[in-house]
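Enquirer: Pasting the sequence and the predicted model now:
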Amino acid sequence: MRRRVAGNLLWMLADRGLQVAVGIGVVAMLARALGAEGFGHFQYAQSLVFIAASIPLLCSAEVVVPRLVAMATPEARHVLVAHAFAIRVTAGIAGYALMCLWLAITQQPADTWFPAAILGTAVMMREPFGVVIAWMQARTHNRPNVVFNLVALAAKAGMIATLFFAGVELVPAYATAFAIEPLIAAVLLTWYYLSRAPRVVPSHEPALTRELVRDGSLFWISFMLMVAARRADQLILKPAVPLAELGTYAATMQVLDNFTTIATILAAGVAPMYVFAQQSAAAARRNVLRVAAGMSIIGVTGATILALCAEPVVRLLYGQAFGETVVLLRLAALASTLIFADVGLSLLPVYLRKPRWVAIKWGLVLVTTVVVDIVAVPRLGARGAVLGYAVANAVAVIFGLVLVVRTSRATTTATVSA
């Protein structure tokens, strides 16, 4: 059993690692082909899609997977999968409509409208059809999903490389290449599931739908707040700075997103054994602090190297048009070390099954980002957004440490009372 779990985890980590590696190459071609302004339009559209894509998470894997594991028959699991899919599809359509409404209300130019409309189709495919991935996770068998992801990723990378070497500079063309990836993944996931699922169409059960929506709402709020906190900076920057400056900031965040993914991968690798497997809250809390400290050291080391190598990294990935990105990357890389500590500390509320704490944290991070950006961006431009990024990360770490202290005192008080 342990070998199966470890093998499944390795497939998941390999999948994420390959996506990051290919993503770096794709972004490099995209930035060079579109230039700073075109890249700014594309990234703003992606930010809108990223926020809209959090809406279908109304019925997330945290709700679906435990229920699937507890069900004894394939027929019962099929009913649950069908209801989760219906909820996610409905939410995905709503998310796409809300994104288009935002584009209309803010009177975005066609250079933003077209790529957003194309990229936004992923909102109706990635999470809804991703319910099959939750089904695979419940069976501890993620290898097919990794293979499907690689096929879809290869198709996207191939199309972008073709456009790049053909000298195409149209933003909608690259958006179409991005939209191909979730479409292929959705088709393959559907084929895989239907070839193994019971050959019946489940009848609608309103009580089950209400239960899934109710139980998933708190996780959903947390996801929404997290996504908004990570993309609010670009929404605030666009009307306040020249588009080229937005492009240089977006390029900075692309590099950092790939760098800080290491934190998520590390946490996924060590949490099951060193945190979630602990029988006592005290032991789990001690290990959370150790994990957070170790990840912080890795984050500081990696960020220092990234800051020192910022100039060759930017030149290699983006070219001479993104010279300002070097300064921004050096500043933001140092601030990103806090994310490593935050990811480690976030294991505690997950262990204690306190999603409310996660929601509160991301609410604080979002408010901090918005407040600091509104004050700093008009004066400092993109550097003000970096300041908001740093302060928001610091708030997240402080909140995590407060939770550690609070739970420690609660445990001590309970022990004395007993």
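Expert: Now that the structure is in, tell me what you want to look at.
Enquirer: In the stretch 301-418 of the chain, where is pLDDT below threshold?
Expert: Across the stretch 301-418 of the chain, the ranges flagged by pLDDT under 70 are 410-418.
Enquirer: what about the residue lying closest to A382 once chain neighbours are set aside, which helix or strand?
Expert: Counting by Cβ to Cβ, 6 or more residues apart in numbering, A382 lies nearest to Y249, which is 4.0 Å off, once chain neighbours are set aside. For glycine as for every other residue, the C-beta is placed from the backbone atoms N, C-alpha and C. According to DSSP states H and E, Y249 maps onto helix 243-271.
Enquirer: Counting by contacts, list what that helix packs against.
Expert: helix 2-52, helix 206-237, helix 281-308, helix 310-317, helix 324-345, helix 347-351, helix 382-417 (3 or more Cβ pairs under 8 Å, 6 or more residues apart in numbering; DSSP states H and E).
Enquirer: Is it possible to get CSV of the ones you listed that adds mean neighbour count and distance to T90?
Expert: Shown next, in CSV, are the helices and strands packed on helix 243-271 (neighbours: other Cβ atoms under 10 Å; distance: least, Cβ to Cβ, whole Å):
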stretch, mean neighbour count, distance to T90
helix 2-52, 19, 14
helix 206-237, 19, 10
helix 281-308, 18, 37
helix 310-317, 17, 39
helix 324-345, 24, 31
helix 347-351, 21, 28
helix 382-417, 18, 32
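Enquirer: Quick one, which of those helices gets closest to Y192.
Expert: helix 2-52 (14.9 Å; Cβ to Cβ).
Enquirer: so what secondary structure elements neighbour the closest one?
Expert: Helices and strands touching helix 2-52, by 3+ Cβ pairs under 8 Å, 6+ apart, are helix 74-105, helix 110-119, helix 143-165, helix 171-194, helix 206-237, helix 243-271, helix 310-317.
Enquirer: neighbouring contacts of the next helix or strand after that helix?
Expert: Per DSSP H and E, the first helix or strand lying C-terminal to helix 2-52 is helix 61-70. By Cβ atoms under 8 Å, 6 or more residues apart in numbering, the residues outside helix 61-70 that reach it are 77, 80-81, 84, 130-131, 133-135, 137-138, 212, 215-216, 219, 355.
Enquirer: how far off helix 74-105 does helix 61-70 point, in degrees?
Expert: 170 degrees (axes from the mean of the first three to the mean of the last three Cα atoms, to 10 degrees).
Enquirer: Would you indicate which residues of helix 61-70 are buried?
Expert: 61-65, 67-68 (16 or more other Cβ atoms under 10 Å).
Enquirer: next one: stretch 183-203
Expert: Per 16+ other Cβ under 10 Å, stretch 183-203 contains these buried residues: 183-186, 188-189, 192-193, 197, 202.
Enquirer: A154 is nearest to which of the helices and strands packed on helix 243-271?
Expert: Among the helices and strands packed on helix 243-271, the nearest to A154 by Cβ to Cβ is helix 2-52 (8.1 Å).
Enquirer: Would you check how far apart the residue minimising distance to the centre of the chain and S336 are?
Expert: The centre of the chain sits closest to V227, judged by Cα atoms, centre = their mean, with a distance of 7.2 Å. According to Cβ to Cβ, to the nearest Å, V227 and S336 sit 18 Å apart.
Enquirer: one step back: now for the residue nearest to the centre of the chain: which residues touch it?
Expert: 50-51, 53-54 are the contacts of V227 under Cβ under 8 Å, 6+ apart.
Enquirer: And L188, how far from A61?
Expert: L188 is 19 Å from A61, where distance means Cβ to Cβ.
Enquirer: One more: S54?
Expert: 14 Å.
Enquirer: Quick check: G95 touching P56?
Expert: Yes. Judged on Cβ atoms under 8 Å, G95 makes contact with P56 at a distance of 6.0 Å.
Enquirer: Give me the more crowded residue out of the two.
Expert: P56 (28 against 24; other Cβ atoms under 10 Å).
Enquirer: And the pLDDT at the more buried one?
Expert: Here the pLDDT value assigned to P56 is 87.
Enquirer: which SSE is the closest residue to it other than its chain neighbours in?
Expert: Among residues not flanking P56 along the chain, E127 sits closest, at 3.7 Å (Cβ to Cβ, 6+ apart). Using DSSP H and E, E127 maps to helix 126-129.
Enquirer: Which elements pack onto the next helix or strand after that helix?
Expert: Where DSSP H and E defines the elements, the next helix or strand beyond helix 126-129 is helix 131-138. If contacts are counted by 3+ Cβ pairs under 8 Å, 6+ apart, helix 131-138 sits against helix 61-70, helix 74-105, helix 143-165, helix 171-194.
Enquirer: mind giving me the domain split of the protein?
Expert: 1-204, 216-418 (automatic domain parsing).
Enquirer: quick one on the thing from earlier: for the residue nearest to P56, what are its contacts?
Expert: E127 neighbours (Cβ under 8 Å, 6+ apart): 53, 56-57, 88, 91-92.
Enquirer: Got a quick ChimeraX command for the buried subset of these?
Expert: Buried members of the contacts of E127, defined by 16+ other Cβ under 10 Å, are picked up in ChimeraX with:
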select :53,56,57,88,91,92
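Enquirer: what stretches of this structure score poorly on pLDDT?
Expert: If you take pLDDT under 70 as the line, the chain has these spans: 1-16, 140, 268-269, 272, 410-418.
Enquirer: what about S60, distance to V27?
Expert: 27 Å.
Enquirer: ugh, typo on my part, it should be G167
Expert: 18 Å.
Enquirer: ok, now Y249?
Expert: Distance from Y249 to V27, by Cβ to Cβ: 14 Å.
Enquirer: ditto for L48
Expert: 18 Å.
Enquirer: And the closest residue in space to V300 that isn't next to it in sequence, how close does it get to V371?
Expert: Nearest residue to V300 in three dimensions, chain neighbours excluded: T337, at 4.9 Å (Cβ to Cβ, 6+ apart). T337 sits at a distance of 22 Å from V371 (criterion: Cβ to Cβ).
Enquirer: cool, and T176?
Expert: Taking Cβ to Cβ, one finds T176 at 37 Å from V371.
Enquirer: So for those two, which sits in the more crowded spot?
Expert: Ranked by neighbour count (other Cβ under 10 Å), T176 and V371 place T176 first, with 19 against 13.
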